[in-house]
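Take this sequence and fold it.
(one chain, ligands or ions: 1)
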Amino acid sequence: MNSLDVTQIPRGEKQTGWLDVAPRPEGSLWRLPYLFVAGESDGPTLVVTAGVHGDEYEGIEAIPRIHRSTQPADLSGTLVMVPVCNVPAFEAITRNSPIDGLNLARVFPGDASGSITQRIADVIATNLLPHADYYIDLHSGGLMYDIPTLAGYIHDDSEIGRRSRAGAEAFGAPVLWGHPLPLAPGRTISSAAEQGVPCLYTEATGGGYAREEDVISFEQGVNNIMKWMDMLEGSAPSSQPAHHLVGNGNIDQAILAPSAGMFRPEVQLLEEVSEGQLLGTIQDLFGEMVDEIRATASGVVIMLRRFHRVRVGDGLAHITQRLAG
Ligand SMILES: [Zn+2]
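Coordinates of the predicted model:
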């Protein structure tokens, strides 16, 4: 089995390779691609993942670019990146695994003897996260959701909360979204936090493609973090986010569709709404209104469903709060 011992990577190396996860029925292997740059001098370790959901391409595109532009001579410490974590979902262009139906972002820290998604989580949680001084998980809205480009972090007064937030501020995303503890169990960043690793995750436009602006934002964000961690020369430009939000970041706990049909949103992303305000409607195929979807709280619209067709229980919208003060 190919494995990667992050602590044994020789200084001054820049490589790509594969991390074996589990055998496939036809005899080949499920494996994770990795790219690393080991600086010529010692320093901290930054771990970056993408493709935890198989239909989110911005991070998948940004990681090889970051690898190409980062040179061992300029780097102190080690940068380890996995551009696609949920390889089966990536192949199938789905959010969750087509094999066991699981959401990789809800099964961490995984199980070495579980089904494929649990095994992928275990490989990341045991091979990569324990060695990270900071961890970044690059997500986006994927096919299903509209989400603004943002950096999400652990909003807490503890040391891990302070480091997570400082990293998110250094990343330089236009929107910051803090999540008080406890985080939803099973997330990559929940697993990192449990292991004492400060972390952030990102969201971006999604839509089944990688918007160049978002790829550049992720590339610059990771570079900013490396400067902030003193892995690269220079300092991250200080930028004020246009929106600083706080709330539960569990998109699975969105306002759910009470009926089936076609969802038409009536609000925009990042719009300020008040409790009871109309967020959208569900219509049937004869054009009759089946349901009005109303805001369950006052706040800021952080997520809207992108797919028109909805089934009962599908997430339609998520409202969060502006950071006070
Ligand atoms: Zn995602």
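
can you pull the contacts of residue 87?
If you count contacts by Cβ atoms under 8 Å, 6 or more residues apart in numbering, residue 87 has them with 21, 30, 31, 32, 51, 54, 120. Bear in mind the C-beta positions are built from the backbone N, C-alpha and C, glycine included.

phi, psi of it?
phi -60, psi -40 (degrees, to the nearest 10).

And it, how far from residue 64?
16 Å (Cβ to Cβ, to the nearest Å).

One more: residue 212?
From residue 212 to residue 64 the distance is 15 Å (Cβ to Cβ).

So the two - more neighbours on which side?
residue 64 (14 against 10; other Cβ atoms under 10 Å).

In this structure the more buried one contacts residue 83, no?
Yes: counting by Cβ atoms under 8 Å, residue 64 touches residue 83, with 6.5 Å between them.

Would you point out which residue is most central in the protein?
Among the residues of the chain, the one closest to the centroid is residue 139, at 3.1 Å (Cα atoms, centre = their mean).

residue contacts, it?
50, 52, 53, 56, 59, 105, 201, 202, 203, 204.

Apply 10 Å and report the result again.
Residue 139 makes contact with 49-53, 56, 58-59, 105, 145, 147, 150, 152, 188, 201-204, 206, 251, according to Cβ atoms under 10 Å, 6 or more residues apart in numbering.

ok, which of these also contact the ion?
53, 56 (Cβ under 5 Å from the ion).

Give me the subset of the contacts of residue 139 lying in strands.
49, 50, 145, 150, 152, 201, 202, 203 (DSSP state E).

Okay, now the unreliable bits of the stretch 201-325 of the chain?
251-253, 325 (pLDDT under 70).

can you give me the strands for it?
243-246, 255-256, 261-265, 272-273, 278-283, 289-294, 299-305, 309-310, 315-322 (DSSP state E, counting those that start in this stretch).

Make JSON lines from these and add distance to the ion and mean neighbour count to it.
Formatted as JSON lines, those follow (distance: least, Cβ to the ion, whole Å; neighbours: other Cβ atoms under 10 Å):
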{"stretch": "strand 243-246", "distance to the ion": "18", "mean neighbour count": "18"}
{"stretch": "strand 255-256", "distance to the ion": "18", "mean neighbour count": "16"}
{"stretch": "strand 261-265", "distance to the ion": "20", "mean neighbour count": "19"}
{"stretch": "strand 272-273", "distance to the ion": "24", "mean neighbour count": "16"}
{"stretch": "strand 278-283", "distance to the ion": "22", "mean neighbour count": "18"}
{"stretch": "strand 289-294", "distance to the ion": "23", "mean neighbour count": "16"}
{"stretch": "strand 299-305", "distance to the ion": "11", "mean neighbour count": "22"}
{"stretch": "strand 309-310", "distance to the ion": "19", "mean neighbour count": "16"}
{"stretch": "strand 315-322", "distance to the ion": "13", "mean neighbour count": "20"}
